[in-house]
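Novice: Whatever this is, show me its structure:
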Amino acid sequence: MSTFISSWKSPSNIALVKYWGKKPTGIQLPANASISFTLSNCTTTTKLTYTEQETLAIKVLLDGDEEPSFVHKIEQFITRIAPIFPFVKTGRYLIETSNSFPHSSGIASSASGMSALALCICDIAVEKGELTENNFNRTASELARLGSGSASRSVFGPMGEWGKHNDYAGSSDDYAIGYDDIHPVFKDYCDTILLVHKGQKTVSSTVGHGLLDNNPYAEARFAQAGKNMTKMKAILKSGDLDAFIELVESEALTLHSLMMSSNPYFILMKPETLQVIEAIWKKRAEDGVKWSFTLDAGANVHFLYPQADKDSAARFIESELKQYCENGAYIYDEVGMGAERV
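Specialist: Predicted coordinates for the structure are as follows:
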C-alpha cells in the first residue's frame, strides 16, 4: 500500500455576474455563465493524506477537530469524480482543513474548500500517472465543479469564468477558465467583506439553486445573465467604473430577488445588510467615490473599491460601516492569483 500526501491553499471567489440555477441534465452544470474576482486572503488550506486500500474510509479534521458532518459531502464528491479517476473509490482519506474566514456564512467556503481538495486529488493523480501537468488546472476545475459549482472558478486568478458563453473563448460548462483580459484597475481591486452575520445560512445554496427550477422569472434571469456577461467583458477591458458599479450592484440585487420570488421564498439579507448598502449609496452620492457592493448567497456585504482608495475606504469602514457588522468584524481582501501548493 502506498501513501500520497498533498497540500493546497485555495481562495474563495466573489461572482460579479452570478451563477444561480442549474441545468436539468448533467451534474452541477450552470444554467448561465458567471465570472468572478478571485480573492487573496479568504482561503481554505487542505492537506490530504491518501493511503491505498481496498475499502473507502474518510476522516475530516476542521481546524484540528474531527468533523463527521463533512463526510457525506466528501463521499458524494468521490462518487461524482470516480468516472474521471476510478482510484478515488477506495482508499483511506485523512483530510485536514482550515478556513481563514467563517464557514457557511456567504463567503463561499465550499468554493475554496472543494477546489483545494480537488487540487490535492489531482496531485495524487499525477503521481499515479493518471494525469499530466498540461491538463492539471482544467481537470482540477472540473473536479471542483462536481463538488461545488463556484469552486471551479477558484482554481484561477485574477478572475475565473465558468459556463459556455460565445464571448469568452474556451469557456465551458464543465470547467472554468482563467480570465485576465482586464484593465489594470481590476488587477488589485479591493473587497472588504463586512461580516453582518457570521452564523450558518437559513437556506443553503444547494437548496436555493433547486428552488429556482420553478421560479417564474428563471428564464428571463438566464437571458439577462448572458447579456450581462457580454457587458462585463467590455467593462473589465475598459476599466469603466461607473458601468462596473451599475452592473455589479444590479447582479447582486437580482440574485436576492430570485430568492425572494422562489417558492418557498426566503430572505438571506439582514437589516444590517440594507443599512450597509444604503451607507455606501449615500457616500457615493455625496462624495462621488467609485465604491460599490456585491452580495453572495448570504447576509454579508462585499464592499468593492479600487486599490488607490484603500486608505479612505478603510476610514469609511471604521467610521460608518463597522457598526453594522457582527462584533465589528470584517475581512480585508483583494484580487489574488488563484490556488497555490503549500
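Novice: Residue 202: what secondary structure?
Specialist: What DSSP: H, G, I helix; E, B strand; the rest coil gives for residue 202 is coil.
Novice: repeat for the one 5 residues further on
Specialist: Classification of residue 207 into helix, strand or coil gives helix, according to three-state DSSP.
Novice: residues near it, how many?
Specialist: Neighbour count for residue 207, taken as other Cβ atoms under 10 Å: 13. From N, CA and C alone the C-beta is placed, and that goes for glycine too.
Novice: Also residue 293?
Specialist: Neighbours of residue 293 using other Cβ under 10 Å come to 23.
Novice: so it makes contact with residue 252?
Specialist: Yes - contact criterion Cβ atoms under 8 Å: residue 293 and residue 252 qualify, at 6.6 Å.
Novice: how about residue 336, what does it touch?
Specialist: 11, 38, 39, 40, 41, 157, 158 (Cβ atoms under 8 Å, 6 or more residues apart in numbering).
Novice: Among those, name the buried ones.
Specialist: By neighbour count, with 16 or more other Cβ atoms under 10 Å, the contacts of residue 336 hold 11, 38, 39, 40, 157, 158 as buried.
Novice: Return the member of those nearest to residue 240.
Specialist: When the buried ones among the contacts of residue 336 are ranked by distance to residue 240 (Cβ to Cβ), residue 158 comes first, at 17.7 Å.
Novice: Not counting sequence-adjacent ones, nearest residue to that closest one?
Specialist: residue 335 (4.8 Å; Cβ to Cβ, 6 or more residues apart in numbering).
Novice: Looking at strand pairing, list the partners for the one you found.
Specialist: residue 39 (DSSP bridges).
Novice: what about it, how many neighbours?
Specialist: The burial count for residue 335: 23, using other Cβ under 10 Å.
Novice: thought it was touching residue 186?
Specialist: Yes - here residue 335 reaches residue 186: they are 6.9 Å apart, a contact under Cβ under 8 Å.
Novice: what do those two both touch?
Specialist: Common contacts of residue 335 and residue 186 (Cβ under 8 Å, 6+ apart): 37, 158, 159.
Novice: follow-up on the earlier one: which one of the buried ones among the contacts of residue 336 is nearest residue 236?
Specialist: Once Cβ to Cβ is applied, the member of the buried ones among the contacts of residue 336 that ends up nearest residue 236 is residue 158, at 10.1 Å.
Novice: What separation is there between residue 176 and residue 202?
Specialist: Distance of residue 176 to residue 202, computed by Cβ to Cβ, to the nearest Å: 28 Å.
Novice: Now residue 290: closest residue in space, sequence neighbours ignored.
Specialist: Spatially, and ignoring its direct neighbours in sequence, residue 290 is nearest to residue 241 (4.2 Å; Cβ to Cβ, 6+ apart).
Novice: Identify the residues contacting the one you found.
Specialist: Each residue near residue 241 by Cβ under 8 Å, 6+ apart is listed here: 185, 290, 306.
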